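**Student:** sequence plus predicted model, see below.
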Amino acid sequence: MPDQPGASGGHDRLRPLAPTGRARAADGVGVAYYDLGGDGPPLVLAHATGFCGPTLAPMARRLGDAFRCVALDERGHGASDPPPGEVDWHGFAADVLAVVDHLGLRRPVGMGHSCGGAALLLAEQARPGTFDALYCYEPVVYPGEVPLPPDRDNPLSVGARRRNAAFTSRRQALANFSGKAPFDRLDPEALAAYVDNGFEPGADGTIGLRCRREHESEVYAHAFSHDAFARLPEVRCPVTLACGGDTDSFGVALLERFAARLARPTTAVVAGVGHFGPLEDPTLVGASVRRGLVRGGVTPPA
């Protein structure tokens, strides 16, 4: 029997998805992107911290009959360049805009998960009218008028610095993550995509993280240091704010605070999943994305 994509006992060699191309952000950062196929209006997919564009491919496959899906690796993640200096979440917005411009996308729709949701909001704020509609799953937005200074002692930042940065093989990495929260809740295809694209072979035969521990830690440290909340009224396109019914992160109460500042908001709760919902159940969250974007005014082809 051939190896299954998500099987922890499968092939030991990484099987990454080759980027379709590279865009260039305004500050010179090279941004890898992936045309995941599909028919219909373009849908830009932005991933969560520590992950990469191909982890959203399982969900994109469920949306291919309605949208042409394009995912990107945000700076410091996957096959994209690292940031040129200190981490600034506005850089993730620059990455999104670079891909939109490089591909000549006119009024695409966007779906962002966690950090990716904030990146889409920041991108629309930086260039109003870029997106026709947005679906933001638990966007990382601090609900205050004044951004907070970087916090390198927060649990996520500290935990990132302690991550295991290398494994002896793909098989060992899959086995490790399959038994460790929150990765143990991920759909097997999404987990395999994370290992295959979030790691790279080392000279010593091991595989190592592409998103370096120190970079991931800095992303978390600066998570509440951007001004997306203060500028939410500048986002005029329809926005669906979604969360998982089992989330321990950005739940309904926070989403309602965000919605109160938006011009055309909708909130949605996806039952049975948590903060990593798009990777836990690509089918369930994909259906929510479809409903949200159609409600936002996008009409997929019949």
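**Tutor:** The structure has been received and is ready for your questions.
**Student:** show me the contacts for the nearest residue to Ala271 once chain neighbours are set aside.
**Tutor:** Closest residue in space to Ala271, ignoring its immediate chain neighbours: Gly245 at 4.1 Å, by CB to CB, 6 or more residues apart in numbering. Backbone N, C-alpha and C define where each C-beta goes, glycine included. Counting by CB atoms under 8 Å, 6 or more residues apart in numbering, Gly245 makes contact with 269-273.
**Student:** closest to Thr55 out of those residues?
**Tutor:** For the contacts of Gly245, the residue nearest Thr55 by CB to CB is Val273; the value is 14.8 Å.
**Student:** the closest one: how many residues sit nearby?
**Tutor:** 22 (other CB atoms under 10 Å).
**Student:** quick one, phi/psi of the closest residue to it other than its chain neighbours?
**Tutor:** What sits nearest to Val273 in space, not counting adjacent residues and going by CB to CB, 6+ apart, is Gly244, at 4.2 Å. Phi and psi for Gly244, reported as degrees, to the nearest 10, are phi -80, psi 140.
**Student:** what residues are bridge-paired with Gly244?
**Tutor:** Beta-bridge pairing of Gly244 under DSSP bridges involves Val270.
**Student:** correct me, but it touches Gly277?
**Tutor:** Yes: here Gly244 lies in contact with Gly277, judged by CB atoms under 8 Å, at a distance of 4.3 Å.
**Student:** list residues touching both of these two?
**Tutor:** 137-138, 270.
**Student:** could you dump those residues to TSV with distance to Pro128, neighbour count and pLDDT?
**Tutor:** TSV is the format used below for the shared contacts of Gly244 and Gly277 (distance: CB to CB, whole Å; neighbours: other CB atoms under 10 Å; pLDDT from 0 to 100):
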residue	distance to Pro128	neighbour count	pLDDT
Tyr137	22	29	98
Glu138	23	29	98
Val270	28	23	98
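**Student:** the helices in the stretch 1-150 of the chain, which residues?
**Tutor:** 57-63, 90-102, 115-126 (DSSP state H, counting those that start in this stretch).
**Student:** return the per-residue confidence for Asp151.
**Tutor:** Asp151 carries a pLDDT value of 97.
**Student:** can you give me the distance of it to Ala228?
**Tutor:** Separation of Asp151 from Ala228 (CB to CB, to the nearest Å) stands at 17 Å.
**Student:** which one's more surrounded, the two?
**Tutor:** Per other CB under 10 Å, whichever of Asp151 and Ala228 has more neighbours is Ala228, with 27 against 16.
**Student:** quick one: the helices in the stretch 201-302 of the chain?
**Tutor:** 213-221, 252-259, 277-280, 282-295.
**Student:** longest strand anywhere in the protein?
**Tutor:** Looking across the chain with DSSP state E, the single longest strand is strand 30-37.
**Student:** sorry, back to before: for Pro143, see how far away the residue nearest to Ala271 is.
**Tutor:** Applying CB to CB to Gly245 and Pro143 gives a distance of 21 Å.
**Student:** same check on His102?
**Tutor:** 33 Å.
**Student:** same check on Ala94?
**Tutor:** 24 Å.
**Student:** compare neighbour counts for the two and give me the winner.
**Tutor:** Ala94 (21 against 14).
**Student:** excluding its backbone neighbours, what's nearest the more buried one?
**Tutor:** Using CB to CB, 6+ apart and skipping the chain neighbours, the partner closest in space to Ala94 is Ala25 (4.4 Å).
**Student:** and the one you found, what is it in contact with?
**Tutor:** 31, 75, 91, 94-95, 97-98 are the contacts of Ala25 under CB under 8 Å, 6+ apart.
**Student:** try it again at 6 Å.
**Tutor:** Contact partners of Ala25, counting by CB atoms under 6 Å, 6 or more residues apart in numbering, are 31, 94-95, 98.
**Student:** could you dump the residues you listed to JSON lines with distance to Pro108?
**Tutor:** Compiled in JSON lines, the contacts of Ala25 are given as follows (distance: CB to CB, whole Å):
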{"residue": "Val31", "distance to Pro108": "15"}
{"residue": "Ala94", "distance to Pro108": "16"}
{"residue": "Asp95", "distance to Pro108": "14"}
{"residue": "Ala98", "distance to Pro108": "13"}
